[in-house]
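>>> give me a model of this one.
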Amino acid sequence: MKILITTQRDFVAQRFDLTAEVVIANVENGQLVGKPRAIIMDRPSAEDLCNMIMEENIAIVICGGIEDRHYQFLTWKKIRVIDFIIGDYETALQQAIAGKLHPGDLLPLSRSDLSL
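You can find the predicted model right below:
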């Protein structure tokens with residue numbers, strides 16, 4: 001399965017419709033396969049992002065806030081959306097792989113985050 005995370009630098013992006021950066025990770029049997037790939041889009045666009053999600057056969061989307069119409073579209077297409085996530089995307093990915101990430105989770109800061 002593929003997991004897509006909307007990102008802004010090292011964190012989950014605050015808004016789905018304003019993100020231009022995503023990370024896509026392949027997961028098989030509960031393990032990360034290879035290195036996640038980062039994609040920088042030409043411009044922020046929720047519609048382009050939804051198209052990318054469909055083209056890449058994404059199973060799970062991890063994001064911050066998302067408009068209801070995009071949420072409804074993705075869930076109608078049988079894509080699991082874990083929204084309102086606050087924290088760094090690597091922790092979010094690890095939690096999702098472990099099955100421990102839920103909508104609205106506020107992820108703990110790591111030591112490296114404290115130096116920002």
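
>>> contacts only, for I66.
Residues in contact with I66, defined by C-beta atoms under 8 Å, 6 or more residues apart in numbering, are 15-17, 81, 83. C-betas here are computed from N, CA, C, even on glycine.

>>> out of those residues, who's the most crowded?
F16 (22 neighbours; other C-beta atoms under 10 Å).

>>> would you map the strands across the protein?
2-8, 11-12, 21-28, 31-40, 60-62, 80-82 (DSSP state E).

>>> what comes up buried for the third one?
Meaning strand 21-28. 21-25, 27 (16 or more other C-beta atoms under 10 Å).

>>> elements contacting it?
Where contact means 3 or more C-beta pairs under 8 Å, 6 or more residues apart in numbering; DSSP states H and E, strand 21-28 is packed against strand 2-8, strand 31-40, helix 89-97.

>>> quick one: distance of the first one to the chain centre.
Strand 2-8 sits 3 Å away from the centroid of its parent chain (C-alpha atoms, centre = their mean, to the nearest Å).

>>> please apply the same query to the last one.
Shown here is helix 89-97, whose average C-alpha point lies 9 Å from the average C-alpha point of the whole chain (C-alpha atoms, centre = their mean).

>>> same question, the second one
Strand 31-40 has its C-alpha centroid displaced from the chain centroid by 12 Å (C-alpha atoms, centre = their mean).

>>> buried stuff in that strand?
P36.

>>> nearest to G65, of the helices and strands packed on strand 21-28?
strand 2-8 (10.0 Å; C-beta to C-beta).
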